[in-house]
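In: Below: sequence and its predicted model.
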Amino acid sequence: MSETFRGEYYQKVDSKARVLIPAAFRRVLDAGDSRTPDSPRTRMVIVYGGKDRQHCDCYSMAGADALAAWVESLPLGSKARIRTERDLITRSATVEVDDDGRIVLPTQVREKLGITPEMIKEGVESALAGAADRFGLWRADAYRAVEDDEDDDDHEDALAILGRFPKPNQRLIHNADAG
């Protein structure tokens, strides 16, 4: 994947419940959506399911299709499939990016993030946090609190953690004499 969601951005939620999507994220969304005459604007999917989550995951259309294919690979009627369909497919919303690079936060997304009309009037801020194939959409204060709690909680370097796992698409070399 050459285009990924990277970085952290903070954006005000305006009086119409709109959030500006950073240009870097818009490029990834554009690359992941094949526009048609029926859908001339870039679209994205916001997943708001999962009762223990304080944020929403946002996908390009291609990313949302890949997520749906993964869900569909689970056995039909299984508890795992029923739950993932509910939390990742049913509890999602497709939105369009307007000509100024903004999206309107649907009611369910605002409820998930705990954004009230009063907060919007006061100028609540959102956080958009890149995660390679998706980005997290948070209320900024909740994001900062979670990140502060989780940041360096075990004092282990992220590269050290990553070093315990093989790189994707990298063949492992085994010693032919090893038994």
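Out: That came in fine, so what should we check first? Numbering: from 1, shown residues only.

In: Quick one: end-to-end distance for stretch 88-96.
Out: This stretch, stretch 88-96, spans 19 Å end to end (C-alpha to C-alpha, to the nearest Å).

In: Distance from the chain centre to it, please.
Out: Counting by C-alpha atoms, centre = their mean, to the nearest Å, stretch 88-96 is centred 11 Å from the centre of its parent chain.

In: who's in contact with it?
Out: 39, 41-50, 61, 64, 67-68, 71, 103-104, 106, 108-109 (C-beta atoms under 8 Å, 6 or more residues apart in numbering). Every residue, glycine included, has its C-beta placed from N, CA and C.

In: If you average the pLDDT over the helix or strand harbouring Asp65, what comes out?
Out: Using DSSP states H and E, Asp65 sits in helix 61-72. The average pLDDT for helix 61-72 rounds to 96.

In: For whichever helix or strand comes after it, list every residue counted as buried.
Out: Next in sequence after helix 61-72, counting helices and strands by DSSP H and E, comes helix 79-84. Within helix 79-84, the residues that count as buried by 16 or more other C-beta atoms under 10 Å are Thr84.

In: Tell me the secondary structure at Gly136.
Out: Secondary structure for Gly136, judged by DSSP: H, G, I helix; E, B strand; the rest coil, is strand.

In: Residues in a beta bridge with it, which ones?
Out: Asp57, Ala129 (DSSP bridges).

In: residues near it, how many?
Out: The number of residues packed near Gly136 is 19, by other C-beta atoms under 10 Å.

In: gap between it and Glu8?
Out: Distance, Gly136 to Glu8, by C-beta to C-beta, to the nearest Å: 9 Å.

In: Find residues that contact each of those two.
Out: Joint contacts of Gly136 and Glu8 (C-beta under 8 Å, 6+ apart) are Ala127, Leu128, Ala129.

In: how distant is the lowest-mean-pLDDT helix or strand in the chain from the center of its chain?
Out: Every helix and strand in the chain was compared by mean pLDDT, DSSP states H and E; the lowest is helix 158-162, with a mean of 75. Its chain's C-alpha centre and that of helix 158-162 lie 22 Å apart, by C-alpha atoms, centre = their mean.

In: Give me the buried positions along it.
Out: Buried, per 16+ other C-beta under 10 Å, within helix 158-162: nothing.

In: and it, what does it pack onto?
Out: Applying 3 or more C-beta pairs under 8 Å, 6 or more residues apart in numbering; DSSP states H and E, we find helix 158-162 packed against no helix or strand.

In: Helices along the protein, start to end?
Out: Assigned by DSSP state H, the helices in the chain fall at 23-31, 61-72, 79-84, 107-113, 117-122, 140-150, 158-162.
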